[in-house]
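Peer 1: Following is a predicted model, sequence given first.
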Amino acid sequence: MPKLTIDGQAVDVPEGTSILQACEQLGVEIPRFCYHDKLSVAGSCRMCLVEVDKVPKPVASCAQPCAEGMVVRTDSPLVRHARHGVMELLLINHPLDCPICDQGGECDLQDQAVAYGSGQGRYLESKRAVPDKAFGPLIKTAMTRCIHCTRCIRFLEEIAGSPELGAFARGEHMEIDTYNGQPIRSELSGNLVDVCPVGALTSKPSAFTARSWEYRKTDSVDVLDAVGCAIRVDSRGNEVLRVLPRLHEDVNEIWINDRTRYACDGLRYGRLDTPYARQGDRLVPVSWTEALDLIAQRLPSVAPEQVGVLAGDLVDTETLFAVRTLMRTLGVPNLDCRQDGATYDVADRAHYIMNTTIAGIEHADAVLLIGTNPRHEATLVNARLNKRARRGGAFPVGIIGPAVDLGYPTIPLGTGPETLLALAEGRHPFADILRSAETPMLILGSGPLARPDGAAIHALARAVAESCDMIRPGWNGFNVLQRAASRVGGLDLGFVPEPGGLGTRGLVEAATQGTLAALYLVGADEVSFVPSRRTLIIYQGHHGDKGASLADVILPGAAYTEKSGTYVNTEGRVQKAERAVFPPGEAREDWAIVRALSDALGRPLPFDTLDALRAMMWREGPWDQGLGLCSPVPWTQASGYDARCVEGTRVHEPFTLPLPSFYQTDPISRASPTLARCVAEWEGARG
C-alpha cells in the first residue's frame, strides 16, 4: 500500500488509488467536473489540478495514481492559480443563464465559480452558441451551457449499456448529440440530469417548476418495481414535484430508472379522494360511514368460503398484515397477493427471493436468465449485470426465452421449458459451463411463474440450480426476480390461500361466474375480468384504474408517497418508505381503512396505531435480520431431479415477457402524462 503525504497529513491507500480518491479519504475537497465515482476517468476538465513534488506542472488528481513517498499540496498558490485559470476558460462561452436555469442552486459550476471564479472576464469575443438537441420527452437541453465533461456519454455507455451519445467535431466546435438524431431510448436516461454538472441537461417535465431550496425532501424507497431503490421525494406544499435517487450501494448505487423518476406526476391525476358506492350503473360519492355500512350489511350474511381477497403490487406490508389478520378473524381462506396468477411453492423463503442479492451479481461468473427481460422488469438489476460484464473476464450470460437487447453480450439457448428441461438433465452444453463456474447463478423471471404450468417451471428451475451446483457453502445462485414491490412481503406474511382456499385464478373465475359473494381488491389493478352482478366488488386503492372500474364500493387509500409503510424487495431486504405529503380529500392510509372496516364488521383488530400494528407484524414476520439488512436464507435441498418436476409443463410453449410497456406498469405510471408521452415517443421512434 503506497504511503503519501497530502497537505502535511500522511495516508496509506490501496494500490491504484488516485490522488483525488486519497484526498477524499482525508476529507480534503477537490473540485471536479468530469470525474464521477461511478464512471471511468476522463481527465478532461482539469479542475482537479494539484501540486506534486518533483513534478514541474500541476497534475490532474483524478487520473494520477498514488505512489510511495509522494508529497501532494492541494491548496498552494500554484494550485489556486491553475484552478482560477481553468475556471476562466470554462466560463468563456458559458451563458449567464443562472436566473432562468433549472440547475440553479444545485449546479457544480455555480459552486466552483464562487470559489475560483473572477469578478470580471478578460475575453470580450462573442460567446459560442450551440443549438439544442432533441433527446426526447424527458431531457431538456441547453447545449450552449455544456462544458464537454463527457459524463453523459460515459454514463450511457458504461452504466446504462446504451451508447447513444457521442462527441462530434473537435475543440471549440465539439457538440454532444445522438449518433442517429433519434431520442434517447435508455430506461435510465433521467440519470443524465443528475450526472450533468451544469445546466446543459435538465428535467423537461419539471422545467421552470420550482427552485431547489423550495423543496421539502423526504427519504423513501421506490415501489414501482421490486428492486426497492433508495429515493428522495421532493415536495412543495402537498404536491410531489420530483423523485431523485439516494445512495444505496447494495441496491441501486446512485441510479434510478425513468419510470421511478418521472411517474410522480401521475400522483396528481385520476385520484380517488372520496368513497363511492354503485347505484345502478353509476358510482356516486358517499360518506365513509355509508361505504363501510354497505360492506358490513353484506359480508356477515355470507359464508367465509364465499369471500375472497386479492392484494395488488404496490401495497405495503402493514396493510397486507392488517388485511390478513382480519380475514383470519373472519375465517376467510381465499386470499392471494399474486395477482398475476402465479401458483408456485412458497413454503421455503429461499425459493422466491433473490438469494445472490443485487450486489452479489458482481461476484458471479456465469448467469442463466429464464423468461425475463431484466432491462424492463428490474432495470437496476440489469445495470449490475452490465457492470459485471464490463469488468471483463469470463462471464457467459445464457438466455432462455425471447431475444432481448440487454446492453451486454448474451447467448441464446432456447425459447421455452424444453431448454430448461435439458439443462436440468445435463443434456445442454450450457450446463457444463454452469457446473465449471465458481459462482454460477440463475435468474428466474416472474413471467414464467404466472403461466398455468408456473409451479412446474419453478420446480425445474430449482432442479437446474441443484444439478448445476449453484447452491454451495457461502453462495446461493438461485434467484427469482419479482416485479411487484409487495410480493415478497406478502409471501413472507403468508398472504396466500389457506388449505382448500382459492388463489387468484380461482377467485377471478368465481367472481365472473357469480359463485363468490364478495371480492375485496386491495390495490389490485392488474386483474381484468367482468364480475357477475351477484358478486360484491370492494376496491381499496388510490387511483381510478382497472380495479376501481370493477367496484361496487370504493374505499380511497393513500399512495406510497402519502403514508409511512414497509416494503420487502426482491432480495428480501426490509425497507421503510416515509410519508412526504398527505392523501388528497377524504382518502386515508390503508391500514387505518382496514382497522375501521374491522370495527364496522364487529371484529375490531387488536391495534389502534401504526406502531402497534408494526410491533405485531415484526413478531410474526421472518425478518430477523432487521430493517434495511439482507441476510442469507437457508436452502432446503430437494431430493434430486425427478421427472415429476415437469408434470403439467407445457414443454413446447415458449416463454413470453410479462411487460408490454416499460413505462406503464401500474396505476401511478398509467396516470402519468409524462410517461404517456414516453410511450408515444417510443412507438413513434420504432415506427
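Peer 2: On my side now, so go ahead.
Peer 1: measure the nearest residue to Gly544 once chain neighbours are set aside to Asp234 for me?
Peer 2: Spatially, and ignoring its direct neighbours in sequence, Gly544 is nearest to Gly270 (4.9 Å; CB to CB, 6 or more residues apart in numbering). For every residue, glycine as well, the C-beta is placed using N, CA and C. Distance of Gly270 to Asp234, given as CB to CB, to the nearest Å: 22 Å.
Peer 1: between those two, who's got more neighbours?
Peer 2: Taking other CB atoms under 10 Å, Gly270 and Asp234 do not tie; Asp234 has more neighbours (20 against 16).
Peer 1: Just confirm the more buried one contacts Ser220, I think it does.
Peer 2: No - in this structure Asp234 lies outside contact range of Ser220 using CB atoms under 8 Å: 10.6 Å.
Peer 1: For Leu272, list the residues it contacts.
Peer 2: 541-544, 548, 554, 556-557, 587 (CB atoms under 8 Å, 6 or more residues apart in numbering).
Peer 1: mind listing which of those are in helices?
Peer 2: Ala548 (DSSP state H).
Peer 1: what's the closest of the contacts of Leu272 to Ser126?
Peer 2: Checking the contacts of Leu272 against Ser126 with CB to CB, the nearest one is His543 at 51.8 Å.
Peer 1: which residues sit in contact with the closest one?
Peer 2: 266, 270-272, 525, 559, 667-668, 670-671.
Peer 1: go with 7 Å
Peer 2: Taking CB atoms under 7 Å, 6 or more residues apart in numbering, we find His543 in contact with 270-272, 667-668, 671.
Peer 1: same question, Leu320
Peer 2: Per CB under 7 Å, 6+ apart, neighbours of Leu320: 311, 337, 486, 489-490, 493, 495.
Peer 1: quick one on the thing from earlier: most widely separated two among the contacts of His543?
Peer 2: Among these, the pair separated by the greatest distance (CB to CB) is Leu272 and Ile668, at 12.5 Å.
Peer 1: hang on, the earlier thing: neighbour count, distance to Ala403 and pLDDT for the contacts of Leu320 - can I get that in a markdown table?
Peer 2: Below are these laid out as a markdown table (neighbours: other CB atoms under 10 Å; distance: CB to CB, whole Å; pLDDT from 0 to 100):
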| residue | neighbour count | distance to Ala403 | pLDDT |
| --- | --- | --- | --- |
| Ala311 | 29 | 34 | 97 |
| Cys337 | 31 | 32 | 96 |
| Ser486 | 29 | 31 | 97 |
| Gly489 | 30 | 33 | 96 |
| Gly490 | 28 | 32 | 96 |
| Leu493 | 22 | 37 | 95 |
| Phe495 | 26 | 35 | 96 |
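Peer 1: and the closest residue to Asn569 other than its chain neighbours, how far is that from Glu571?
Peer 2: In space, and not counting its chain neighbours, Asn569 is closest to Gly228: 3.0 Å by CB to CB, 6+ apart. From Gly228 across to Glu571, the span is 8 Å (CB to CB).
Peer 1: Please enumerate the helices of the stretch 51-200 of the chain.
Peer 2: Secondary structure of the stretch 51-200 of the chain (DSSP state H, counting those that start in this stretch): helices at 77-90, 108-116, 151-158, 191-195.
Peer 1: likewise the stretch 301-450 of the chain?
Peer 2: Using DSSP H, counting those that start in this stretch, the helices found in the stretch 301-450 of the chain span residues 317-330, 374-377, 379-390, 417-424, 429-436, 446-449.
Peer 1: Would you mind checking the average pLDDT for the longest one?
Peer 2: Think helix 317-330. Mean pLDDT, helix 317-330: 96.
Peer 1: ok, now stretch 463-474?
Peer 2: For stretch 463-474, mean pLDDT rounds to 93.
Peer 1: could I have it exported to CSV, CA atoms only?
Peer 2: Only the C-alpha atoms of stretch 463-474 are listed here, as CSV (Å, rounded to 0.1, in the frame of the first residue of the first chain):
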residue,chain,number,x,y,z
ALA,A,463,-33.6,-28.6,-10.3
VAL,A,464,-31.3,-26.7,-12.6
ALA,A,465,-29.8,-24.8,-9.6
GLU,A,466,-29.1,-28.0,-7.8
SER,A,467,-27.9,-30.1,-10.7
CYS,A,468,-25.6,-27.3,-11.9
ASP,A,469,-24.1,-26.9,-8.4
MET,A,470,-25.3,-23.4,-7.9
ILE,A,471,-26.0,-24.0,-4.2
ARG,A,472,-22.7,-24.0,-2.4
PRO,A,473,-21.4,-23.0,1.1
GLY,A,474,-21.4,-19.2,1.1
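Peer 1: Determine how far that stretch lies from the middle of the whole chain.
Peer 2: Between the centre of stretch 463-474 and the centre of its chain there are 28 Å (CA atoms, centre = their mean, to the nearest Å).
Peer 1: Equivalent analysis for stretch 614-631, please.
Peer 2: 22 Å.
Peer 1: go on, stretch 296-304?
Peer 2: Put simply, stretch 296-304 sits 40 Å off its chain's centre (CA atoms, centre = their mean).
Peer 1: Pull the residues that contact it.
Peer 2: The contact list for stretch 296-304, computed with CB under 7 Å, 6+ apart, reads 307, 330-333, 517-518, 536, 600-601.
Peer 1: Show me what counts as buried in that stretch.
Peer 2: Of the residues in stretch 296-304, 298-299, 304 count as buried by neighbour count, 16 or more other CB atoms under 10 Å.
Peer 1: What of stretch 116-135?
Peer 2: Of all the residues in stretch 116-135, those buried under the rule 16+ other CB under 10 Å are 116-117, 130, 133, 135.
Peer 1: Run the chain-centre distance for it.
Peer 2: For stretch 116-135, the distance to the chain centre is 37 Å (CA atoms, centre = their mean).
Peer 1: start at 556 instead
Peer 2: Noted, 556 is the first residue going forward, which turns the last one into stretch 671-690.
Peer 1: distance between the ends of that stretch?
Peer 2: End-to-end distance of stretch 671-690 (CA to CA, to the nearest Å): 32 Å.
Peer 1: Kindly report the same for stretch 1209-1222.
Peer 2: For stretch 1209-1222, the end-to-end distance is 29 Å (CA to CA).
Peer 1: contacts for that stretch?
Peer 2: Here stretch 1209-1222 makes contact (CB under 7 Å, 6+ apart) with 742, 779, 814, 868-869, 926, 928, 931-932, 955-957, 970-971, 1001-1003, 1005, 1038, 1080, 1096, 1098, 1100, 1224-1225, 1230, 1233-1234.
Peer 1: Over to stretch 668-675?
Peer 2: Here stretch 668-675 makes contact (CB under 7 Å, 6+ apart) with 586, 638-639, 642-643, 646.
Peer 1: Switch the contacts of stretch 851-859 over to a markdown table; also include distance to Glu606 and neighbour count.
Peer 2: Output for the contacts of stretch 851-859, formatted as a markdown table (distance: CB to CB, whole Å; neighbours: other CB atoms under 10 Å):
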| residue | distance to Glu606 | neighbour count |
| --- | --- | --- |
| Val862 | 76 | 24 |
| Leu885 | 75 | 15 |
| Gly886 | 78 | 11 |
| Val887 | 74 | 23 |
| Pro888 | 75 | 16 |
| Ala1072 | 80 | 20 |
| Ala1073 | 76 | 20 |
| Leu1091 | 77 | 23 |
| Ala1155 | 75 | 19 |
| Leu1156 | 75 | 16 |
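Peer 1: Considering the residues you listed, which is situated nearest to Glu579?
Peer 2: Val887 (56.5 Å).
Peer 1: That concludes my questions; thank you for your assistance.
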